[in-house]
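Undergrad: here's a sequence, model it:
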Amino acid sequence: RSDFSLCGKCKLCQAVHVQEVDYGRFWRNCPSGTRFRFEAYYASGKLEMARALDLQEIEPTPAMQHALYTCMLCGSCQEQCYPVKQIFPMRVFELLREQAVRDGWGPLEEHLKAVENLENTDNLLGRPQAERGAWAEGLGLKDASKEKVGALVFAGCHYSFKPELAEAARSAARVLLAAGLDLGILGSEELCCGAPLLELGDRDF
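TA: Coordinates of the predicted model:
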């Protein structure tokens, strides 16, 4: 409450400090605000949304839901705001998303498939867990579910299942092996870290 109550709509959250850019076209710093050009999509608008919801002045609407969930949580608004006003917009957005999930108006419909995939397959993409360690084939990494390892490589859902990312994971593993680390992976025993659901406000998964 102290954060959204202190917001004076000064618009610092909407731009990089002017002394840090040479050209005006580089001053915008908020991806969703820059895309939709409406106050609700900037941090100041979402802080006002939180204040009005807290005081029960308004009811959630699809437009509010869209503004809340198109925020990328990049934190640029907080980088501009906190040094001047000591306000934490990001924390407000995270809590507002938790409230949205608890009250049944969040997340967006587009996110529901990822939630369903996690419930059914333990990964965001809905792929068979048996394929989760395929990215590391031929590297000689140990099976950490069966033997002790010096360091565990957690690839995550996207690096495990997306071919266009797998080579980046393999390259990172090669570097670590060349440095002498005793590496292992969990393979099919590795589960999603859950961070995407936390970002959506689903704390009960």
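
Undergrad: which residue is the nearest non-sequential neighbour of Arg28?
TA: Of all residues not flanking Arg28 in the chain, Thr34 sits nearest, at 4.6 Å (C-beta to C-beta, 6 or more residues apart in numbering). C-beta coordinates here come from the backbone N, C-alpha and C atoms, glycine included.

Undergrad: from memory the one you found sits against Phe26, does it?
TA: No. In this structure Thr34 lies outside contact range of Phe26 using C-beta atoms under 8 Å: 11.1 Å.

Undergrad: picking that back up, helix or strand: which one has the residue nearest to Arg28?
TA: Element membership for Thr34, per DSSP states H and E: helix 31-36.

Undergrad: from the chain's centre, how far out does that helix sit?
TA: 17 Å (C-alpha atoms, centre = their mean, to the nearest Å).

Undergrad: what of stretch 115-122?
TA: Centroid separation for stretch 115-122 versus its chain: 17 Å, with C-alpha atoms, centre = their mean.

Undergrad: so which bits of that stretch are buried?
TA: If you call a residue buried by 16 or more other C-beta atoms under 10 Å, then stretch 115-122 has these buried ones: 115, 117-118, 121-122.

Undergrad: secondary structure, distance to Cys77 and pLDDT added to the residues you listed, as a markdown table?
TA: Output for the buried residues of stretch 115-122, formatted as a markdown table (DSSP: H, G, I helix; E, B strand; the rest coil; distance: C-beta to C-beta, whole Å; pLDDT from 0 to 100):
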| residue | secondary structure | distance to Cys77 | pLDDT |
| --- | --- | --- | --- |
| Val115 | helix | 26 | 90 |
| Asn117 | helix | 30 | 93 |
| Leu118 | helix | 28 | 90 |
| Thr121 | helix | 35 | 93 |
| Asp122 | coil | 33 | 91 |
